[in-house]
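> The amino acid sequence is not available; the structure is as follows:
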């Protein structure tokens, strides 16, 4: 009997994806992966040079990508970026809200008020603004879809070194769950991922401020290492795909066992 192979479509085939924080780290890895899996991707971030570089990389690999400047602390910028995605590609199916800001690490009494306000504006309010715009765009174009927010394993426990960051991410978990309950009846799924230590510029900056932090985190992680950004993007891709069609309202730990 002759063996035949069935070619399976990409995980995100024919979907239009909007990605924040797409110029580097997890967001850039997601842009590459989502395009490889068949999505048309719109990259959003504040730094044009980074966005342009990742977009050109995706296109050189045969993917479909474009970019738009977006400041998550600016409500008008967030709405315009989502609208631009629909204008460019005709609809919005999925969104990965990955953009975030990190403030200097340290105990709660040393967090500057300006830093607290900034991490609130980007990591919580910015994600809320993005979800509201994305839900409206999905509802008006594709009809149904999925959203994934990037939380943090640091949102699931006390966080002595990044208390404001952890607080905003924990609140983001609540927004994720509330959105899942609210929009599930319309066929819009909303989930979050909670990465552990991941080799991005953010953790490298943290290492520079607190030498030895990566080694300490690795010692607490059962898998004994930091994640590659692509490993985190893989989890987001699955949650955004139709293969997770009965998953909504969850915060998925992708942390090497750090939070176990």
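Yep, that arrived. These figures come from a predicted structure and were not determined experimentally.

> give me every residue that touches the residue nearest to residue 122 when sequence neighbours are not counted.
Closest residue in space to residue 122, ignoring its immediate chain neighbours: residue 101 at 4.1 Å, by C-beta to C-beta, 6 or more residues apart in numbering. (Each C-beta comes from the backbone N, C-alpha and C, glycine too.) Residue 101 makes contact with 72, 118-119, 122-123, according to C-beta atoms under 8 Å, 6 or more residues apart in numbering.

> Residue 18 now?
Going by C-beta under 8 Å, 6+ apart, residue 18 touches 41-42, 44, 81-82, 85, 92, 94-96, 134.

> is it true that residue 171 touches residue 127?
No: here residue 171 does not reach residue 127: they are 9.2 Å apart, not a contact under C-beta atoms under 8 Å.

> In the stretch 1-150 of the chain, mark out all the helices, start to finish.
Counting by DSSP state H, counting those that start in this stretch, the stretch 1-150 of the chain has helices at residues 25-36, 48-60, 75-89, 113-119, 126-140.

> Deepest-packed of the ones you listed, please.
Ranked by average neighbour count under the criterion mean count of other C-beta atoms under 10 Å, the helices of the stretch 1-150 of the chain are headed by helix 25-36 at a mean of 26.

> Residues touching that one, excluding its own?
So helix 25-36 is in contact with 10, 12, 17, 19-22, 41, 43, 45, 50, 54-55, 57-58, 61, 63-65, 96, 98-99, 150, 195, 198, 200-202, 228-230, 232-234, 236-237, 240, going by C-beta under 8 Å, 6+ apart.

> Which of these are buried, as a PyMOL select command?
To isolate the buried members of those in PyMOL, using 16 or more other C-beta atoms under 10 Å:
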select buried, resi 10+12+17+19+20+21+22+41+43+45+50+54+55+58+63+65+96+98+99+150+195+198+200+202+229+232+233+234+236+237+240
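
> The contacts of helix 25-36 in strands, which ones?
Judged by DSSP state E, the subset of the contacts of helix 25-36 located in strands is 17, 19-20, 41, 43, 45, 64-65, 96, 150, 195.

> Need the max-distance pair from these.
Greatest spacing in these, by C-beta to C-beta: 64 and 195 (26.4 Å).

> about what we covered before: just so I know, which of the helices of the stretch 1-150 of the chain lies nearest residue 190?
Proximity to residue 190 (C-beta to C-beta) singles out helix 126-140 among the helices of the stretch 1-150 of the chain, at 7.2 Å.

> just to revisit the earlier point, tell me which of the ones in strands among the contacts of helix 25-36 is nearest to residue 249?
Nearest to residue 249 among the ones in strands among the contacts of helix 25-36: residue 150, at 16.1 Å, using C-beta to C-beta.

> can I assume the closest one is in contact with residue 200?
No: using C-beta under 8 Å, residue 150 is not in contact with residue 200; the gap is 10.9 Å.
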